[in-house]
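1. I'll drop the sequence and a predicted model, then ask my questions.
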Amino acid sequence: WEIFRPKTSLDIGMNLISIVSPLTGEKLHDIQAFSASEVADAFRSARKAQPAWAESVQRRTLVAKKLAALLAKEQAAVMDMLQAETGKSRSHAFEEIAGALGAISYYSKVAPKLMRRKRIKAAVPLMLSAYVETVPVGVVGVITPWNYPLALTMMDVIPALMAGNSVVHKADNQTAMTVHLARDLAVEAGLPEDVWQIVHGDAAEVGNAVTDNADYVAFTGSTPTGRIVAERAAKRLIGYSLELGGKNPMIVLPGANLEQAAEIALGSAFGNAGQLCVSIERLYVPNHALAEFETILKRRIETMSVGSSAEFAHDIGSLTSKAQVERVSGFVDRAVSEGAKVLTGGKRLEDLGPNYYAPTVLTAVPKTAEIMTKEVFGPVIALVGYDSLDEAVELANATEFGLNASVVGDRSKALEIASRLMAGSVNINEGYRASMASFAAPMGGMKQSGNGRRSGPAGLLRFTETRTIGVANKLPIGLPTRAKEYKVMAPLMTKLTKWI
């Protein structure tokens with residue numbers, strides 16, 4: 001990855017953070033630890049660069065198209081870095097490339113239309129004209145996590161840039177180099193360097209500094225941290241969007257093909273080793289089919305290949321850190337102590353590396369167990385039976401979260417059930433990709449899973465302010481200003497209003 005080494009040099013006197021490989025436990029590289037004052041400096045330079053960047057949406061879309069071409073050309077090297085920093089499989093690294101390219105392509109196409117001044121119907125035809133235009137907010141603060149550093153970056157940073165904003169971006173320390181590679185490609189594509197700046201360091205210090213200096217903040221991460229971001233943003237009366245945690249259910253309908261449902265469950269729960277906000281963690285199956293489904297699911301899971309290489313050779317990769325392994329194993333151990341049974345998995349795979357964990361299915365999970373309500377963020381499925389579809393819907397909705405859900409089975413019945421699920425996205429005969437890859441559709445959460453939406457027109461328009469322009473047209477008769485004029489005009493205006 002030497003070709004893509006970030007162009008900002010690491011000075012000898014700079015405070016550095018050592019990043020550890022999730023695959024080996026050895027040091028990967030060092031990154032800079034920014035202070036709050038250095039983050040404020042980044043905002044000042046970004047603010048100076050923003051007006052020139054906002055002048056031409058055509059220029060912005062051209063840069064985005066060049067970036068997409070460069071990313072497609074250099075995808076192998078970017079996937080190498082993604083795997084090095086996250087431990088994910090090659091397949092899931094490729095999913096990130098696809099997601100990033102999808103976001104860039106969508107916003108480069110729709111930005112000119114979304115940013116165009118639009119004429120709307122005025123209150124009084126002929127006498128008045130009215131227009132609405134969208135303008136950038138200024139400098140957007142973007143805060144992204146470690147699990148999908150490339151895809152989530154492009155889903156938030158690109159629409160902010162296409163709207164004419166500059167961006168100060170807090171990348172997670174673990175995956176900062178992947179974000180730097182993406183930013184370097186953007187600069188190569190023609191993006192002015194100060195228009196997109198990347199900061200990292202202490203999570204609280206740098207994250208708070210981003211929120212406290214931004215004109216809008218887009219945050220992806222945990223619900224507790226999201227609340228802090230929302231509180232700080234609200235005190236400053238700036239806008240914010242939050243994509244937070246999930247405890248996502250999948251309902252297998254009566255009569256569904258169980259072999260197909262089991263395979264869909266694998267992809268939905270173990271994508272990126274389960275380290276995905278929209279991954280499936282709760283799986284509901286009709287009680288009459290539960291035993292058969294357990295057998296099928298166990299058999300299919302135990303054929304999965306676990307590992308990480310530069311080839312498309314493994315179905316599931318490593319967890320990204322020691323903390324993640326401890327988190328996942330802790331959830332499983334506590335579930336077992338509460339009465340759950342391990343159908344398969346439930347153990348670390350230390351012979352493969354320090355952070356591997358076997359894809360796991362738990363059965364006989366008590367409804368009151370911790371693992372039924374709290375997000376695991378790892379390769380663990382809680383498998384539960386149900387007697388009726390009303391019960392399945394009730395169980396699926398019995399959570400403070402509402403990010404994603406899935407229904408497997410007959411399409412027409414699944415659509416009916418989907419409309420009863422309290423989730424920002426629902427996938428039918430898929431886990432999360434059908435909705436997440438639809439970049440023209442909004443993506444976000446209900447309840448405690450977030451605020452606002454990414455993707456779709458709203459994913460760009462959240463980074464704008466709306467300006468209305470009203471025009472009094474030059475006519476022999478104008479709007480009244482004096483009482484005697486109102487006396488003449490009032491009857492006419494009343495009739496006109498009724499006619500309209």
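-> Done, it's in.
2. and the residue nearest to the spatial centre of the chain, how far from T344?
-> Centroid-nearest residue in the chain: L152, 5.1 Å away (criterion: CA atoms, centre = their mean). When distance is defined by CB to CB, to the nearest Å, L152 is 30 Å away from T344. Where you see a C-beta, it was placed from the backbone N, CA and C, and this is true even at glycine.
3. contacts made by stretch 195-207 with the rest, please.
-> 15, 17, 31-36, 38-39, 42, 45-46, 49-50, 53, 143, 157, 161, 166-173, 176, 179-180, 183, 186-187, 209-210, 225, 229 (CB atoms under 8 Å, 6 or more residues apart in numbering).
4. surely L266 and M304 touch.
-> Yes. Checked against CB atoms under 8 Å, the pair L266 and M304 is within contact range at 6.9 Å.
5. I'd like the next helix or strand past the helix or strand that contains N427.
-> When elements are assigned from DSSP states H and E, N427 belongs to strand 425-428. If you walk from strand 425-428 toward the C-terminus, the next helix or strand you reach (DSSP H and E) is helix 433-436.
6. which strands and helices sit next to that next one?
-> Other elements packing on helix 433-436 under the criterion 3 or more CB pairs under 8 Å, 6 or more residues apart in numbering; DSSP states H and E are strand 425-428.
7. 10 Å - rerun?
-> Helices and strands touching helix 433-436, as assessed by 3 or more CB pairs under 10 Å, 6 or more residues apart in numbering; DSSP states H and E, comprise helix 90-114, strand 404-408, strand 425-428.
8. tell me which of these is the most buried.
-> Each of these was assessed for mean neighbour count using mean count of other CB atoms under 10 Å. The highest is strand 404-408, with a mean of 30.
9. and the next helix or strand past that strand?
-> Read in the C-terminal direction, the helix or strand following strand 404-408 is helix 411-418, with elements assigned using DSSP H and E.
10. partner strands of the strand holding N427 and their direction?
-> For strand 425-428, the paired strands and their directions (DSSP bridges) are strand 404-408 (parallel).
11. next, the angle from the strand it pairs with to helix 411-418.
-> Using axes from the mean of the first three to the mean of the last three CA atoms, to 10 degrees, the direction of strand 404-408 lies 150 degrees away from that of helix 411-418.
12. now do strand 404-408, average pLDDT.
-> Strand 404-408 shows a mean pLDDT of 98 in the predicted model.
13. what's the helix or strand of the chain with the lowest mean pLDDT in contact with?
-> Taking mean pLDDT, DSSP states H and E as the measure, helix 483-499 is the helix or strand of the chain with the lowest mean score, a mean of 85. Outside of helix 483-499, the residues that reach it under the criterion CB atoms under 10 Å, 6 or more residues apart in numbering are 123-125, 127, 477-480, 482.
14. give me the buried entries from those residues.
-> Neighbour counting with 16 or more other CB atoms under 10 Å marks M127 as buried within the contacts of helix 483-499.
15. I'd say G25 and Y356 touch.
-> No. Applying CB atoms under 10 Å, one finds G25 not in contact with Y356, separated by 11.6 Å.
16. the two: which has the busier surroundings?
-> The residue with more neighbours, out of G25 and Y356, is Y356; 24 against 11, by other CB atoms under 10 Å.
17. ok, the more buried one - contacts?
-> Remark: with contacts taken as CB under 10 Å, 6+ apart, Y356 is in contact with 22-23, 87, 273, 306-308, 316-319, 325, 347-350, 379.
18. please, which helix or strand holds K298?
-> In this assignment (DSSP H and E), K298 forms part of helix 290-301.
19. for E311, same thing?
-> Secondary-structure element containing E311, defined by DSSP H and E: none, the residue being outside all helices and strands.
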